[in-house]
Every structure is written in C-alpha cells, then in structure tokens.
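Participant: Predicted model and sequence below, questions to follow.
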Amino acid sequence: MCPTRGGLCPQELRGALSRAQGEQRAAERVAQRLHKEKEALRGTLDKVQREQLRCREDSLRLRRSLGCAERDLAQAQNRVRLLQAQVSVLEHPSPMSPRLSPRPGERGHHSLEEQLALLKGQELRPPPGV
C-alpha cells in the first residue's frame with residue numbers, strides 16, 4: 001500500500017500486472033496444448049471408427065462365406081450319401097434284380113468309388129475363399 005495515496009503503489013501495480021500477464025501466457029500455453037490434444041484425439045477417434053466399420057464389414061463377409069460353405073458342405077454330404085448308397089446297391093444286388101455282367105458292374109463300381117473318393121477329398125479341404 002502506498003502510504004500517501006491510500007492505494008497500491010506503482011511498483012506493486014507493476015508486479016501485479018506482471019504476474020497477471022505471466023498467468024495469462026501460462027493459460028494460453030495450456031489452451032494451445034489442450035487444442036492440440038483435442039485434434040489428436042479427434043484423429044484417433046476417426047481412425048478407430050474406420051477400423052470398427054472395416055471389422056463389421058469383414059464380419060458380415062465372413063458370415064456370408066460361412067453360410068455358403070455350410071450349404072456346400074451339406075450338399076456334398078448328401079451327394080456322398082447318395083453315392084455310398086449306389087455303391088452299396090452295386091456291391092449287394094438284391095436277389096430279385098437281374099445279375100449284371102461282371103465287367104459293366106465292375107466299371108460302374110470303380111467309377112462310383114472314384115467319385116466318392118473325390119467328394120470325400122473335397123469334404124476335408126476348406127472351401128475356397130475362407
């Protein structure tokens with residue numbers, strides 16, 4: 001306090017002004033840093049959202065592929081069952097059916113066995129694109 005004027009002396013006013021200006025500069029630096037962090041977080045959020053969208057699309061595509069593969073597998077299994085039934089009929093003809101000559105039956109039997117082996121091999125391999 002200034003004894004003659006009853007208020008703050010010029011030196012005290014200058015000191016208070018200097019402190020206030022220092023605090024203002026510090027607050028501006030904090031504001032700049034926060035702005036930079038906000039922009040960085042915004043960029044990170046955009047990147048995460050793009051990755052999330054890509055993951056959803058991948059998941060949908062994989063679900064569709066799995067559905068197709070399951071249908072293909074079911075069809076192949078049905079085909080294998082039909083071929084096994086045909087092989088069984090050729091191996092054990094009923095007494096009522098006419099006896100086939102050995103050569104054509106043998107040929108048909110081998111052909112069915114080849115188809116059966118081929119289908120079983122396909123059943124063991126993963127479907128293409130998975």
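Facilitator: Now that the structure is in, tell me what you want to look at.

Participant: Next, Leu34: phi, psi?
Facilitator: phi -60, psi -40 (degrees, to the nearest 10).

Participant: what stretches of this structure score poorly on pLDDT?
Facilitator: Low-confidence segments of the chain, defined by pLDDT under 70: 1-6, 94-109, 123-130.

Participant: And the strands in it, which stretches?
Facilitator: Along the chain, counting by DSSP state E, no stretch forms strands.

Participant: any idea what sits nearest Arg79, other than its immediate chain neighbours?
Facilitator: Using CB to CB, 6 or more residues apart in numbering and skipping the chain neighbours, the partner closest in space to Arg79 is Leu119 (5.7 Å). In short, each C-beta sits where N, CA and C put it, glycine included.

Participant: Next one: the one you found from Leu17, what distance?
Facilitator: Between Leu119 and Leu17 the computed distance is 92 Å (CB to CB, to the nearest Å).

Participant: Next: Arg29.
Facilitator: Distance, Arg29 to Leu17, using CB to CB: 19 Å.

Participant: And Ser65, by the same measure?
Facilitator: From Ser65 to Leu17 the distance is 72 Å (CB to CB).
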